[in-house]
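In: fold the stuff below for me.
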Amino acid sequence: LAQALFSSDTETFKTLAIPFSGRMAEPSNTSKYLAEFIGTFLLIFTVECNVVVGSPLFAGLSIGTVLFVAIQALGGISGGNFNPAVSVALGCVNSMKGPGMDWKQVGMYCISQICGGVTAAVIAAGMFGKSASLEVSRGYSLLSAGLSEFFYTFMLCFVVLNVAAAKKNKEEKGQYYALAIGFCVIAGAYGAGVISGGAFNPAVAFSLDVTSLSRGFGTCFFYALFELLGAVLAAFLFSKVRPTDFGAQMSAGKLQEQLLSEFLGVFMLVFTVSCNIMGGSTAGALSIACSLSAMIYALGDVSGGHFNPAVSFAVYLAGRDDSFTGKKAALYGVVQVVSGILAALLVAGIFGASMAPFGAKAPYHTAQALVAELVFTFLLSYVVLCVAVSDLTKASHFFGLAIGFCVVVGGFAIGNVSGGSLNPAVSVGLGVSGSSFVNSIAYVLVELFAGVLAATAFSVTHQAELESPEAKKMTEA
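Out: The predicted structure is shown next:
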C-alpha cells in the first residue's frame, strides 16, 4: 500500500485489491492536491496553536501526532507528503530511476502545500491576534539553526522514502509508515527545536515567516535551503541503502548497505540524544525513543536495525541467524561507535558548547548507575531478540514501536540516575564529547554484559524454536 501511495507508477496503485469494490481507481489530481492542501493546513494550524497558546511540554507530541493522523487519513489519496522537502526528495528519487514522483507533480504538490500552510497561518493569526514567528533562538547562530533543520529534514525525508516509497513496501504492506514519519517530527521537535524552532518543512517556514512580517521576513528562505539540501541527501543515501530499487546490484552479502544503515541509524539516534542533553529537554526519553523507532522502521529490513553494539552482541550470541557472524558483529560495533562519536561531536559544535561530563547523576554513585544500565539494557536487548529475531514472538508491525519505547521505559525510569544510555555507542559518543572516557568504558562493559544476559535468557525462553527442523538444520550446518 505505502509503495503505491508515493509511486508515480499508476498501474501499481490501480492493481491493489479493495474489498467489495474490485480494483481501486486512481484518485484525480484535484483530489490529490486538495488532500495535500488539507494535510498541510492541519499541520501548520496545529503548529501555530501550539506555539502561541499550547503547552511547551506537549507541543512536539501534538505536532508529530497531527502529521501521523493526517498521513493515515489522506495517504491513500495523495501519499501524504504535506511537506515540499518530502516532495522534492521523491522528485530526486524519480530522476535517479527510483520509486518517486515526476517533477510536474512535485511542483503542483508544493504549491498546494504552501497554499494550505499560508491559509492556516493567516487564520490562526486572525484568531489569536498574533502569529508564531520563524526565528533562531537567542544565543544560537543562523548556521546552527540551518544545520538543525538540515539533519532532521534529512531524517524525515529518509524515513518517508524507506517506509513509504521503497519497493519492499509493496510486499510488506506495512501499517506503520505514518507512525514512523510522525515520530521523526517528535524526535526533532524536542531535539533541535530549542535552536531553530523545529520547522523541518519549507511550507511551515514560509507560512510562519509570512504571518510575522512585523518581525522581519526572509529567514524562511535560509531554512528552506537547508531543508531542501536535507531532502537531496536523503534521496541520495536512499539509493545507496536500497540500490536494487534503482536497478543496481547489492554489494557482496549486502554488507556495504548494512554497515551504511547502521551508521545512519546510530548517527540520528546519538544526534537526538545529544541535542536533548544540550538543549535541556524535559521530554528527552520520548524524543530519543521516537528517533530509534523511526530509523528501525526505515532500515530494519536492511541491517536488522540494531543501532547498538549490545544488541548486535546479543543477536550474535543468540545464534538464530547464521549469516550474522562474529566478524559482521564486530564490524557493526565499530561502525556504530564511530557514528556515535561523530554525531556527539557534531552536536557539541552546533550548540557551541561542551557536553556535560558523562556518568552517574548526583546524588547517585557509579555502582547504582551501572546496575540501572544493566537492567534496562537487558530489557532493550531482550525485546529486540523477542520481537525482531524470534519467529515465535516476532511483531510484524509493532517491532519498531516495542524496541524504541524500551528507551521511554528506561529513559524516564533511570535518566536521573545514570543518564539512561542503554547503548555502548551512546556511552562512548557522550564520553568522548564530554571528556569522560573512563566512565563510558565502565558503562560499555556493563551494557555488553546485559546483551550476554539477554541472549542467555532468550535461549531458555525461546527454546522451542531450537527444536524445529529448520533450526536443527542450521545448527548442523
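
In: all helices of the stretch 51-200 of the chain, in order?
Out: Along the stretch 51-200 of the chain, counting by DSSP state H, counting those that start in this stretch, helices occupy 59-78, 84-95, 103-128, 142-160, 168-172, 177-191, 193-196.

In: can I get those in CSV with distance to V334 and mean neighbour count?
Out: Using the backbone N, CA and C atoms, a C-beta is placed for each residue, glycine as well. Below are the helices of the stretch 51-200 of the chain laid out as CSV (distance: least, Cβ to Cβ, whole Å; neighbours: other Cβ atoms under 10 Å):
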stretch, distance to V334, mean neighbour count
helix 59-78, 33, 21
helix 84-95, 30, 27
helix 103-128, 39, 20
helix 142-160, 23, 26
helix 168-172, 27, 16
helix 177-191, 25, 29
helix 193-196, 31, 24
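
In: in this structure, which residue is closest to the centre?
Out: Centroid-nearest residue in the chain, with Cα atoms, centre = their mean: A294, separated by 3.5 Å.

In: per-residue pLDDT, that one?
Out: Listed pLDDT for A294 reads 97.

In: what's near enough to touch the residue nearest to it when sequence neighbours are not counted?
Out: Using Cβ to Cβ, 6 or more residues apart in numbering and skipping residues adjacent in sequence, the residue nearest A294 is F183, 4.2 Å away. Counting by Cβ atoms under 8 Å, 6 or more residues apart in numbering, F183 touches 64, 68, 159, 290-291, 293-294, 404.

In: which one of these is nearest L228?
Out: Using Cβ to Cβ, V159 is the member of the contacts of F183 that lies nearest L228, at 16.8 Å.

In: now the element after the host helix or strand of M268, going C-ward?
Out: Secondary structure assigned from DSSP states H and E places M268 in helix 255-279. Once the chain leaves helix 255-279, the next helix or strand it forms, by DSSP H and E, is helix 284-303.

In: helices or strands up against that following helix?
Out: helix 59-78, helix 142-160, helix 177-191, helix 255-279, helix 399-414 (3 or more Cβ pairs under 8 Å, 6 or more residues apart in numbering; DSSP states H and E).

In: out of these, flag the one nearest V428.
Out: Nearest to V428, of the helices and strands packed on helix 284-303 and by Cβ to Cβ, is helix 255-279 at 9.4 Å.

In: flag the shaky bits of the stretch 1-150 of the chain, pLDDT-wise.
Out: Residue ranges of the stretch 1-150 of the chain with pLDDT under 70: 1-24.

In: over to the stretch 351-477 of the chain?
Out: Checking the stretch 351-477 of the chain against pLDDT under 70 turns up 466-477.

In: columns distance to Q368 on top of the helices and strands packed on helix 284-303, output as JSON lines?
Out: Output for the helices and strands packed on helix 284-303, formatted as JSON lines (distance: least, Cβ to Cβ, whole Å):
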{"stretch": "helix 59-78", "distance to Q368": "30"}
{"stretch": "helix 142-160", "distance to Q368": "34"}
{"stretch": "helix 177-191", "distance to Q368": "27"}
{"stretch": "helix 255-279", "distance to Q368": "20"}
{"stretch": "helix 399-414", "distance to Q368": "9"}
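
In: does S354 belong to a helix, a strand or coil?
Out: Here S354 is coil, with the state taken from DSSP: H, G, I helix; E, B strand; the rest coil.

In: thought it was touching A348?
Out: Yes: counting by Cβ atoms under 8 Å, A348 is a contact partner of S354 at 6.2 Å.

In: so what sits against both of those two?
Out: Joint contacts of S354 and A348 (Cβ under 8 Å, 6+ apart) are S433.

In: quick one: which of these two has more around it?
Out: Under the neighbour definition other Cβ atoms under 10 Å, S354 and A348 were set side by side, and A348 has more, 19 against 11.

In: count of neighbours near L269?
Out: 30.

In: alpha carbons only: can I get stretch 333-340 in CSV?
Out: The C-alpha trace of stretch 333-340 is given here as CSV (Å, rounded to 0.1, in the frame of the first residue of the first chain):
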residue,chain,number,x,y,z
GLY,A,333,30.1,-2.5,16.6
VAL,A,334,33.0,-0.5,15.1
VAL,A,335,30.7,1.4,12.7
GLN,A,336,28.1,2.1,15.5
VAL,A,337,30.7,3.5,17.8
VAL,A,338,32.4,5.7,15.2
SER,A,339,29.0,7.0,14.1
GLY,A,340,28.1,7.8,17.7
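
In: pull out the buried residues from it.
Out: 333, 335-340 (16 or more other Cβ atoms under 10 Å).

In: can you tell me which of these are in helices?
Out: The members of the buried residues of stretch 333-340 that map onto helices under DSSP state H are 333, 335-340.

In: okay, those in TSV with pLDDT and distance to A285 next?
Out: Listed next are these as TSV, based on pLDDT from 0 to 100; distance: Cβ to Cβ, whole Å:
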residue	pLDDT	distance to A285
G333	97	24
V335	98	25
Q336	98	20
V337	98	22
V338	98	25
S339	98	21
G340	97	18
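
In: wait, which of these is closest to K167?
Out: Among these, and counting by Cβ to Cβ, the member closest to K167 is V335, at 25.3 Å.

In: any idea how far G429 is from the closest one?
Out: 13 Å (Cβ to Cβ, to the nearest Å).

In: the closest residue to Q336 other than its chain neighbours in helix, strand or coil?
Out: Excluding its sequence neighbours, the residue lying closest to Q336 (Cβ to Cβ, 6+ apart) is A425, at 4.2 Å. Using three-state DSSP, the structure places A425 in helix.

In: any idea how far A425 is from A464?
Out: 32 Å.

In: so for the two, which residue has more residues nearby?
Out: More crowded of A425 and A464, by other Cβ under 10 Å: A425, with 35 against 10.

In: surely the more buried one is in contact with V334?
Out: No: using Cβ under 8 Å, A425 is not in contact with V334; the gap is 10.1 Å.

In: other SSEs contacting the helix holding M268?
Out: By 3+ Cβ pairs under 8 Å, 6+ apart, helix 255-279 packs against helix 142-160, helix 177-191, helix 193-196, helix 219-241, helix 284-303, helix 326-351, helix 424-433.

In: quick check: angle from it to helix 142-160?
Out: 140 degrees (axes from the mean of the first three to the mean of the last three Cα atoms, to 10 degrees).

In: in helix 255-279, what's buried?
Out: 257-279.

In: let's test this: mean pLDDT of that helix, rounded?
Out: Rounded mean pLDDT across helix 255-279 is 97.

In: that one: how far from the chain's middle?
Out: Its chain's average C-alpha position is 9 Å from that of helix 255-279, according to Cα atoms, centre = their mean, to the nearest Å.

In: can you check stretch 216-227 too?
Out: 23 Å.

In: dump it to CSV, keeping only the CA atoms.
Out: Taking C-alpha atoms only, stretch 216-227 is exported to CSV below (Å, rounded to 0.1, in the frame of the first residue of the first chain):
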residue,chain,number,x,y,z
GLY,A,216,11.1,40.7,9.6
PHE,A,217,10.9,38.4,6.6
GLY,A,218,13.4,36.2,4.8
THR,A,219,14.6,33.7,7.3
CYS,A,220,12.3,31.1,5.6
PHE,A,221,14.5,31.1,2.5
PHE,A,222,17.6,30.2,4.6
TYR,A,223,15.6,27.5,6.4
ALA,A,224,14.2,26.2,3.1
LEU,A,225,17.7,26.0,1.6
PHE,A,226,19.0,23.7,4.4
GLU,A,227,15.7,21.7,4.4
